[in-house]
Each structure stands twice: as C-alpha cells, then as structure tokens.
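1. Got a predicted model here, sequence first, then my questions.
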Amino acid sequence: MAEPLQQSAYRVQAYLTEKGHDFEVKEMSTSTRTAQEAADSIGCAVAQIAKSLVFEEKGTGRLILVVASGANRVDVRKVGAAMGRSLRQAKGDMVKEKTGFAIGGIPPVAHSKPLPTILDRDLRQYEIIWAAAGTPHAVFQLTPDSLGSLTGGEWMDVREEK
Ligand code: 5CA
C-alpha cells in the first residue's frame, strides 16, 4: 500500500479531491525541487513542468502567482506591464508565510488564500503537464484546461526572450 502523504502534499491532495478532481498526488523517491529535477524524476520534458512562481507588487506587497513552463524564464516586466503593476520575485520567507508552502514545492492551488494567477500559454501545447504538490518530492499530473479551471488564471505570454 502507498505510504501516507506528507502533510503539505496531503493538503494539496485534499484540495484537489474537494474540488471534484481525481488527480493523484505522487511522492517521488527522487527530488522534484526544481523543474529539471521534477522532469527527471517523472520522465517527462522539462517544458511539461508547470512551475509556480510567486511575485509581489512593489509598494503594496500584494502577491501574484505565475504558473510557467519549466523551460521558460518568466519576464517579470512583461507580466507586470500586462497587469499594470510593477512586480518583483517574492522572497522565500514571504512566500512560505503567505501561501503556506515552501519554495521548491509551491503548488498552483491550495494556498492559504487564493492568489491572482497568470498562466504561461506555452503550457497549452501539451496534453499532460505536471505541477508541484506541496513538497520538494510531490507532484501531480493534470491538463492545461484543468489548470485553467482550478486556478481561474489568465493565459498569456510570460516568456523571457533569450
Ligand atoms: N517543484 C518544482 C517543480 S514544479 C518547483 O517548485 N520548481 S520551481 O521552479 O517552481 O521552484 C523553484 C523556483 O523557486 C525557482 O525557479 C525560483 O524562481 C524560486 N526560488 C528559488 N529560491 C528562491 C528564493 N530564495 N526566494 C524566492 N524564490 C526562490
């Protein structure tokens, strides 16, 4: 039988189940702390990893979530301009305090309070994507459509051009 999930992963699983999804949180034996490690653990392309990055609005400290393809760097100016805000990446301790999850396992959902969310349109080209599920070992598989409905996020171009 499967081991019980760690508390933070369980929180994500409980949220998904409560929302009526049958997505299953999986705890991997190897690290999923970074998008590349997650892809290696799962055996998928790094671009199929939906990484959840938290940014804060300069001045107000309000947080927003950007769920980006693991292959992309997020262009903070592009996202900020689209939202009419000036953004910077939030510090790890702030992220933990406000979302309830630590860097390396931030899920796209199930935060202490829902965050305004932007979704990377590059994720839409895949049938299946994977997201973190609360810990640096936990992930779950989903579809771009379900990422959209779970988060209520807005799809846009967030990619930093090389
Ligand atoms: N579990 C994996 C795959 S979903 C994961 O969480 N990947 S991640 O890319 O979303 O998380 C690592 C991200 O956390 C990095 O891309 C980086 O943007 C951010 N990060 C890493 N260290 C810090 C830090 N000290 N403060 C704020 N953000 C950080």
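-> Ah, there it is.
2. tell me which helix or strand of the protein sits lowest on mean pLDDT?
-> The weakest-scoring helix or strand in the chain, judged by mean pLDDT, DSSP states H and E, is helix 76-83 (a mean of 95).
3. How about that one, which residues are buried there?
-> 76, 78, 79, 80, 83 (16 or more other CB atoms under 10 Å). From N, CA and C alone the C-beta is placed, and that goes for glycine too.
4. I'd like these as JSON lines, with distance to the ligand appended.
-> Shown next, in JSON lines, are those (distance: CB to the nearest ligand atom, whole Å):
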{"residue": "76", "distance to the ligand": "10"}
{"residue": "78", "distance to the ligand": "16"}
{"residue": "79", "distance to the ligand": "13"}
{"residue": "80", "distance to the ligand": "16"}
{"residue": "83", "distance to the ligand": "18"}
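5. Can I get those residues in TSV including distance to residue 158?
-> What follows is the buried residues of helix 76-83, written out as TSV (distance: CB to CB, whole Å):
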residue	distance to residue 158
76	9
78	6
79	5
80	11
83	11
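6. what about the protein, any weak spots by pLDDT?
-> 1-2 (pLDDT under 70).
7. switch the cut-off to 90
-> Counting by pLDDT under 90, the chain shows low-confidence ranges at 1-4, 162.
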